[in-house]
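A.B. asks: 3D, please:
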Amino acid sequence: MDGGPRSFHGDPLVFEDLVLVSTDRGCGATGGGYVYAFEPKSGKLRWKLNAGGPSTGFAEIDNTFVFGTREDEWILAGTDSGKVKWKFSESAPDPLCEVRTAPVTDSETINFVGHDGTIFALNKAGRKIWSQRPASPVTTSLFMYKDVLYFGAADGHVYGVDPPDGKPLNNVATPAIPKGRFAEASEGEVDTEYVFALDKKDGKSRGMLLKFSDEFERVLWSSSAEREWTSEQPHVWKDWVIAGNCKGDIVAYGATDGKQKWSDHVKGCIRSFGHDASTLYIGVQEGTVYAYQPSNFLH
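C.D. replies: Numbering: from 1, shown residues only. Purely as a prediction, here's the structure:
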């Protein structure tokens, strides 16, 4: 495939009759990276974009998509053709070659975190509106929710800022360092948010799951585990919030009270979950996808 083995990064974007996915060849490899657009039914390649090493997921805005690369270059391209509309960069390539978190958008502003921890806001034309480097390093993906841009920080807070100007709006203290991607859910007429956290005490790193009242007003409950969670975000399914770690442990917590409801084990380091009406799908770092039905599925 275009000069040798490649790795997929970020979540695919399903857009009308196309599936977009990004790849690269790892740190120090020549040949750059590509975004591929496939037809979902036939698997036929519609177009590809050579982008120098894409490594984030995509944010969709109108009929375009935006993503970032390990070189800290941010690119907006047309979804139907892959044609680049603009590129933005204000910093040098990341010397640590870390995978960037995906950008977010409210259809007016595009927000992302550079490799030096600076949060940027661009307009749809790719021009910078504002940028700021928080006092405490960003430890989560950005989360656009109800017209507020949220992020977790190393000082154990979740902050909310105004997308048009970056001015602070609110913050809430958390019992551990937030990490990964936020998840949202509706429980009847009540909206809630979840995020994983990392509790570093006594020389040990323990995983934690946090539930917030709507718009991050306060922490409703927290549940601790012996190991750090490695699934990308809390996975809400039925009345459970599901987490996975690199030992293959799956744990389901009750969404209402945060108490453990069931657990199981697969082989591999768990990175992601998906589901349909009856089945939980588990993706592990080693390349296996499991289709799983809990024994207490009917409850």
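A.B. asks: Quick check: what element follows the worst-scoring helix or strand of the chain on mean pLDDT along the chain?
C.D. replies: Each helix and strand of the chain was given a mean pLDDT (mean pLDDT, DSSP states H and E); the minimum falls on strand 7-15 at a mean of 68. Along the chain past strand 7-15, the next helix or strand (assigned with DSSP states H and E) turns out to be strand 18-24.
A.B. asks: quick one: contacts of the helix or strand following that following strand?
C.D. replies: Using DSSP H and E, the helix or strand that follows strand 18-24 in sequence is strand 34-38. Under the contact criterion CB atoms under 8 Å, 6 or more residues apart in numbering, strand 34-38 has outside partners 2, 6, 18-24, 44-51, 54, 67, 77, 79, 82. Placement of C-beta: from N, CA and C, glycine included.
A.B. asks: and the most centrally placed residue in the chain, what is it in contact with?
C.D. replies: For the chain, the residue whose C-alpha lies nearest the mean C-alpha position (CA atoms, centre = their mean) is Arg181; its distance is 4.4 Å. In this structure, Arg181 makes contact with 101, 140-141, 143, 195, 232-233, judged by CB under 8 Å, 6+ apart.
A.B. asks: Which ones among the residues you listed lie within strands?
C.D. replies: Restricting the contacts of Arg181 to those inside strands, with DSSP state E as the criterion, leaves 143, 195.
A.B. asks: among the contacts of Arg181, who's most crowded?
C.D. replies: When neighbours are counted as other CB atoms under 10 Å, the busiest of the contacts of Arg181 turns out to be Val195, with 26 neighbours.
A.B. asks: That residue is in contact with Pro178, isn't it?
C.D. replies: Yes: look at Val195 against Pro178 with CB atoms under 8 Å: they come within range, at 5.0 Å.
A.B. asks: Overlap of the contact sets of those two?
C.D. replies: 140, 152, 158, 210.
A.B. asks: Same list (these) but as CSV, adding pLDDT and distance to Ser107.
C.D. replies: Formatted as CSV, the shared contacts of Val195 and Pro178 follow (pLDDT from 0 to 100; distance: CB to CB, whole Å):
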residue, pLDDT, distance to Ser107
Thr140, 96, 22
Gly152, 98, 24
Val158, 98, 23
Leu210, 98, 28
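A.B. asks: Let me know the pLDDT of Ile270.
C.D. replies: The predicted local confidence for Ile270 comes out at a pLDDT of 94.
A.B. asks: phi, psi of it?
C.D. replies: Backbone torsions for Ile270, taken as degrees, to the nearest 10, come to phi -70, psi 130.
A.B. asks: so what's it up against?
C.D. replies: Counted by CB under 8 Å, 6+ apart, Ile270 has contacts 230-231, 244-246, 248-250, 282-285.
A.B. asks: next one: Gly166
C.D. replies: Shown here is Gly166, whose contacts under the criterion CB under 8 Å, 6+ apart are 119, 121, 130-132.
A.B. asks: Now, of the residues you listed, which are buried?
C.D. replies: Among these, the ones that count as buried by 16 or more other CB atoms under 10 Å are 119, 121, 130.
A.B. asks: Narrow those residues to those in strands?
C.D. replies: Per DSSP E, the subset of the buried ones among the contacts of Gly166 in strands is 119, 121, 130.
A.B. asks: The last one contacts Leu122, correct?
C.D. replies: Read that as Trp130. No: distance between Trp130 and Leu122: 9.4 Å, which falls outside the contact criterion (CB under 8 Å).
A.B. asks: quick one: pLDDT of Phe42?
C.D. replies: For the record, residue 42 is Ser, not Phe. 88.
A.B. asks: swap that for Glu226, sorry
C.D. replies: At Glu226, pLDDT is 93.
A.B. asks: so how many other residues sit close to it?
C.D. replies: Glu226: 11 surrounding residues under other CB under 10 Å.
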